[in-house]
Every structure is written in structure tokens, then in C-alpha cells.
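A.B. asks: I need the structure of the sequence given here:
(chains A, B and C)
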Amino acid sequence: MPELPEVETVRRALDARLRGRVVCGVAVGRPTFYRRPPAVALKALEGGRVAGWRRRGKYLLLDLEGRGSVVFHLGMSGRLTIGKDGPHARLSFRAGDDEIFFHDARRFGRVGGPLPALGPEPLDPGFDASVLRAVLRGRSAPVKALLMDQRLIAGLGNIYASEALHLAGVRPARAGGSLTRAETASLAAACRRVLELGVSLGGSTLDDESFLDPLGRPGRMQERVKVYGRRACGTCGGPVRDTRRPIGGRSSPHCPRCQS
DNA sequence: ACGAGTACCTGGCAGC
DNA sequence: TGCTGCCAGGTACTCG
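C.D. replies: Residues are numbered from 1 along each chain as shown, chains lettered A, B, ... in the order given. This next block holds a predicted model:
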């Protein structure tokens, strides 16, 4: 599932490869996206020169010289590949000698449209304990739901939120406002650490096909995961449990021994 | 403003 | 073996 580290991995590959090239041959596949790319976005793409690829939270922005930028979101099954067609290709375009495909089996991905308002970037230097404290203060919602709310903090999904909470020793169901100063500081640092680790390892590929970079390479973060998708805690070896009630409709794996 | 719930979509898998 | 049905998850929406 593409979260911040996976999206950043994609960004780096595309930025290195496509910068300075002119986009042409934009083609929308059939069936297309659940939300069809706006015509204005397709028009901006066609004939535009790539100034670079940026990332904001889990969003990718393709900057085109003199034409603004086109927003991409991978949803949960989206992939951008260099030169690899497939049955779920929703959009394709050429850039120099390469053909780029946007694949999306489950059709949650998006191309075009505005970038929504997003919370701070957890890997920005300004993201510290006081920023997280302002996010959690007075909130009764589970801390994990708050970590995954993109309007509050940009980039964490179920995997990295679960891992950050485990590293910080905080249970996912705890009310956001119940964290002590020390726990909040620990959690802010944990968010940074798991995301930095994820980026440095090229993202997480939990099962064979779940995430591959644009050149088809898997990530290695799954080797370092402590709770997500595991039966036994990677720290103490005890059983990984889920919360009785789903948080934000999602599973919330945690270790009752390591997390309080 | 906040928290909870649900729709969207479909590959993959559990259960029969 | 083949069928059914449910789950996964990020975002956007509604409702109280």
C-alpha cells in the first residue's frame, strides 16, 4: 500500500529518469479510473516538458514547465511503471524513449484535480514533538486514527502508523489527548524514524506484488517491520493482537506487551 | 469542530 | 474443482 516512503521511492525514480523530457502520446485506458482524469490535466500533460516530480504526503506532483503541475495519487493499488504495460493500465504516456504507465487494479488512484489541504510533512525539519502535541491535544479519537488523518499529518497509512506506535510503545486505541509529553515526543521521533527507514529501504513490499517501484524493484522495509502483517512481535516475540474494534475501519495490529 | 460510519473498487483468499 | 462472499485499504462523504 503506497504510503509516504513508497511514494517517495516512486518520485525519486521518475524524477531521475524523466526530468527535462517532453511528454507526448497521452492515452487513457479502458476501463479508466473511477474518477476520470480531468481534460485540463490531460491537456497540460500532452506536449509539456518535465520540470521535475515532487511529493506532498502520499501525492505525487508532476511539474511541467510553464503549465503548472498534475497531481497523481496511487490509491491503494496504483503503480507507475517505466515501460511495462499490463491489464490494469489506466493511463499511459511517452517521455523521450520511455513509455510510462499508471496501473491501478482497484481503481482508487487519481490523476489530475486539486491537491487537498494536508497536514505537515513528518520528515520536514520543523516536525517535532510540539507539532505532534498540537495535533493530539484535547482529542478523544484513537491516536492511530489521528496519525492516519492526512489533514493532520501527511503521509502515514496503516503500516507506518502501526509501526510508529509500536516503536513509541503506545497502543493504537489510546485517545490522542491522553498521551503524556514524553509519549508524544517519543511518537514524533518514531514517526520520523519509521518513515526515514522506509524511504532508505525503498518502501515495503509485504506480499509479492503489493508494491514495486517504477522499474519493478521491490522494497525491503518489510524485513524490518515489527507488528504489521506479523503474528509475533518483532521485539519481544509475543503475539501480535488487533484492537477489538477497528480504528477508522482498519485493522490495528499491536503488541500488548511492548505497547501501553 | 469533532468522531464515527460508510461508499467507492476488485484481486485474492477462506470457506464450503 | 468451482463457487460464493468477504476483506483489504486511502479518500471523501454523510450523519449526529
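A.B. asks: Next up, the contacts around the residue nearest to A:Ala141 when sequence neighbours are not counted.
C.D. replies: Counting by CB to CB, 6 or more residues apart in numbering, A:Ala141 lies nearest to A:Gly176, which is 5.8 Å off, once chain neighbours are set aside. C-beta coordinates here come from the backbone N, C-alpha and C atoms, glycine included. By CB atoms under 8 Å, 6 or more residues apart in numbering, the residues touching A:Gly176 are A:Val135, A:Leu136, A:Arg137, A:Arg139, A:Ser140, A:Ala141, A:Pro142, A:Val143, A:Ala145, A:Leu146.
A.B. asks: Assign A:Glu6 to helix, strand or coil.
C.D. replies: Using DSSP: H, G, I helix; E, B strand; the rest coil, the secondary structure recorded for A:Glu6 is helix.
A.B. asks: A:Ala164 versus that one, what's the distance?
C.D. replies: 16 Å (CB to CB, to the nearest Å).
A.B. asks: again, but for A:Arg151
C.D. replies: Distance of A:Arg151 to A:Ala164, given as CB to CB: 18 Å.
A.B. asks: So which of these two has more stuff around it?
C.D. replies: Counting neighbours by other CB atoms under 10 Å for A:Arg151 and for A:Ala164 shows that A:Ala164 has the greater number, 26 against 11.
A.B. asks: so how far is A:Val227 from that one?
C.D. replies: Relative to A:Val227, and taking CB to CB, A:Ala164 is found at 10 Å.
A.B. asks: repeat for A:Pro114
C.D. replies: 35 Å.
A.B. asks: do the same with A:Arg192
C.D. replies: Distance of A:Arg192 to A:Val227, given as CB to CB: 18 Å.
A.B. asks: who has more neighbours, the two?
C.D. replies: Taking neighbours as other CB under 10 Å, A:Arg192 and A:Val227 compare with A:Val227 leading, 25 against 16.
A.B. asks: Residue numbers of chain A in contact with DNA strand C?
C.D. replies: Proximity of chain A to DNA strand C (CB under 7 Å from any atom of the strand) is limited to residues A:1, A:3, A:57-59, A:73, A:75-77, A:106, A:108, A:116, A:148, A:150, A:157-159, A:246, A:248-251.
A.B. asks: Going by neighbour count, which of these are buried?
C.D. replies: The neighbour count (16 or more other CB atoms under 10 Å) marks A:1, A:3, A:57-59, A:73, A:75-77, A:148, A:150, A:157-159, A:248, A:250 as buried among the residues of chain A next to DNA strand C.
A.B. asks: Report the entries of the residues you listed that also contact DNA strand B.
C.D. replies: Restricting these to those near DNA strand B - CB under 7 Å from any atom of the strand - leaves A:Gly248.
A.B. asks: A:Gly157 - nearest residue in space that isn't next to it in sequence?
C.D. replies: A:Glu3 (3.9 Å).
A.B. asks: Would you confirm that that neighbour contacts A:Lys58?
C.D. replies: Yes - using CB atoms under 8 Å, A:Glu3 is in contact with A:Lys58, at 6.2 Å.
A.B. asks: Find residues that contact each of the two.
C.D. replies: Common neighbours of A:Glu3 and A:Lys58 (CB under 8 Å, 6+ apart) are A:Gly155, A:Gly157.
A.B. asks: Identify each buried residue in the lengthiest helix in chain A, please.
C.D. replies: Taking DSSP state H as the criterion, chain A has its longest helix at helix A:181-200. Buried residues in helix A:181-200, defined by neighbour count with 16+ other CB under 10 Å: A:183-192, A:194-195, A:197-199.
A.B. asks: for the residues you listed, which one is nearest DNA strand B?
C.D. replies: Nearest to DNA strand B among these is A:Thr184, at 15.2 Å by CB to the nearest atom of the strand.
A.B. asks: Double-check that closest one against A:Val131; I have them as touching.
C.D. replies: No - here A:Thr184 lies out of contact with A:Val131, judged by CB under 8 Å, at a distance of 9.8 Å.
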